[in-house]
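Q: below is the sequence, then the predicted model.
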Amino acid sequence: MEGDPRRLDTVSTWNSAPPRVLFVDDEVTMSRATGRLLARMGFDVVMAETPLDAMSVAHDEPVHVVVADIHLPNFSGVELAHELRANGLDAPILFISGDPNALDAANRAGFARTTILPKPFTVAQLNAAIWETLADRPAA
C-alpha cells in the first residue's frame, strides 16, 4: 500500500488542526519511534501501551483515528476496538500486525472493512494508511 504521495501533506484539510491519532502498541521502542514519526508527519499523536490506557485516552480526549496492534497484553487490538465501539468511539481503526493471520482474525471479529497494515511498514505506508482510513471522515 504505497498510497498517493500528494496525500503526505493533507493536514491543512483538517481546518489547521491535525487529526489526532491514538497509537496503541506494547512494543515500547517501536511505539515511541512511530509516535515521533507521526508527529513529524503533522499528526497530533497520543500514545498508549495497553488497551486500558487506550480506553482511558479515548474517553478523555477526542480521537480521529486509532492505530492499534492486533496483539496487545491482556486482550487483543480487536477486543480493544470492540470496547472502544461499545463506549461510543466511532473513530476509524487501523490495525497493525506482524501476524500474517491477522486479517482473518479481524474479519471473523466483524472488522472486515478495517485496514490492516502489516509490520514492518515504511513511514510512507503508515502515512498513506492513516489518510486512507480517515478519507471518508469529516474533519473535526
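A: Okay, I see it. Bear in mind the structure is a predicted one, so any value in this text is a computation, not a measurement.
Q: against Asp104, how distant is Ser97?
A: 11 Å (CB to CB, to the nearest Å). The C-beta positions use only the backbone N, C-alpha and C, and glycine is treated the same way.
Q: for Asn127, same thing?
A: Taking CB to CB, one finds Asn127 at 26 Å from Asp104.
Q: again, but for Phe23
A: Computed as CB to CB, the Phe23 to Asp104 distance reads 24 Å.
Q: tell me the helix or strand right after the least confident helix or strand in the chain by mean pLDDT.
A: Least confident element among the helices and strands of the chain, by mean pLDDT, DSSP states H and E: helix 102-108 (a mean of 75). Once helix 102-108 ends, the next helix or strand along the chain (criterion: DSSP states H and E) is strand 116-118.
Q: given that following strand, what are its sheet partners and their directions?
A: Next to strand 116-118 in the sheet, as set by DSSP bridges, lie strand 93-97 (parallel).
Q: pull the distance from the strand it pairs with to the chain's centre.
A: Taking CA atoms, centre = their mean, to the nearest Å, the mean C-alpha location of strand 93-97 is offset from the chain mean by 6 Å.
Q: report how many residues lie close to Leu37.
A: Close neighbours of Leu37, defined as other CB atoms under 10 Å, add up to 14.
Q: pull the contacting residues for it.
A: Shown in contact with Leu37 (CB atoms under 8 Å, 6 or more residues apart in numbering): Val123, Leu126.
Q: and for His71, the neighbour number?
A: By the measure other CB under 10 Å, the count of residues near His71 is 17.
Q: part of a helix, is Val66?
A: No. Val66 sits outside any helix when classified using DSSP: H, G, I helix; E, B strand; the rest coil, being strand.
Q: beta partners for it?
A: Under the criterion used here (DSSP bridges), Val66 is bridged to Leu22, Ile93.
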